[in-house]
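Undergrad: 3D model of this:
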Amino acid sequence: MKSDKVLIVEDEVKLARFVELELKHEGYDVYVANDGRDGLNKFYDEKPDIVLLDLMLPELSGIEVCRRIRKTSKVPIIMLTAKGETMDKVLGLDSGADDYVTKPFAIEEVLARMRVALKRVKSFSENSETVMTLKNLTIDIARRIVKVDNEEIELTKREFELLYYLVKNKNIVISRDQILNNVWGYDYIGETNVVDVYIRYLRTKIDDKYNTKYIHTIRGVGYFAKDEE
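TA: Numbers count the residues shown, from 1 in each chain. Next up, the predicted model:
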């Protein structure tokens, strides 16, 4: 069985070496870069299955590396950074990162989040359906394209995965905890409204824009994607 390839882009050499050794012990193939430009080059050369990316890097920032990767790839990216402020976290996620771990971190937490991210990617690629529909909305799973009628809707990676999960379970009411576990992969302690925030993003981009109610709320219970009556 082929081992998953991990690219670590981290300018703290000792930390990068520690994470590298831990991941190799877990059976991963690991590549390391200590600045953003080298990280980007190694990404294109090695084509990793997942990237652990520091936010503050010499040469190119982690944000810029993430943005450039996202132009050509949907590979999972987990930000590793000493910055814990909300705006830094939002900036990382908005640039295309899947997740965010603040230093100092336990390696077990990083490993758990990597498993979740890799499992999510594999579940998409193994899905037997190629296109799902909800009213006049279509989701091309393989290409990660969402359209209403023939107009493409630009969604972030997280917005796409949330919409995919809702449509996959259309007409079934799903609790916030279920959404967190299946879309984020773990609970965001202290950020219990993250699901509501992303539901609002989707409604702004889809429901409000096309004046159609795709996502419904059951107060105190959760959300569901409602198909035609």
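
Undergrad: quick one: contacts for the residue nearest the centre of the chain?
TA: For the chain, the residue sitting closest to the mean C-alpha position, by CA atoms, centre = their mean, is D98 at 2.8 Å. Applying CB atoms under 8 Å, 6 or more residues apart in numbering, we find D98 in contact with P76, I77, I78, A117, K157, R158. The C-beta positions use only the backbone N, C-alpha and C, and glycine is treated the same way.

Undergrad: Select from those residues the one having the most neighbours.
TA: With neighbours defined as other CB atoms under 10 Å, the most crowded of the contacts of D98 is I77; it has 29 neighbours.

Undergrad: Mean pLDDT per helix and strand in the chain: which one sits at the bottom?
TA: Ranking every helix and strand in the chain by mean pLDDT, DSSP states H and E puts helix 86-94 at the bottom, with a mean of 64.

Undergrad: Show me what the helix with the most length in the chain is in contact with.
TA: Counting residues, the longest helix found in the chain (DSSP state H) is helix 107-126. With CB under 8 Å, 6+ apart as the contact definition, helix 107-126 has outside contacts at 4, 6, 18-19, 22-23, 26, 49-50, 52, 74-76, 78, 80, 98-99, 101, 141-142, 144, 161, 164, 185-186.

Undergrad: can you check stretch 57-70 too?
TA: Applying CB under 8 Å, 6+ apart, the external contacts of stretch 57-70 come out as 9-11, 35-40, 43, 51, 53-56, 75, 77, 79, 81, 91-92, 95-97, 157.
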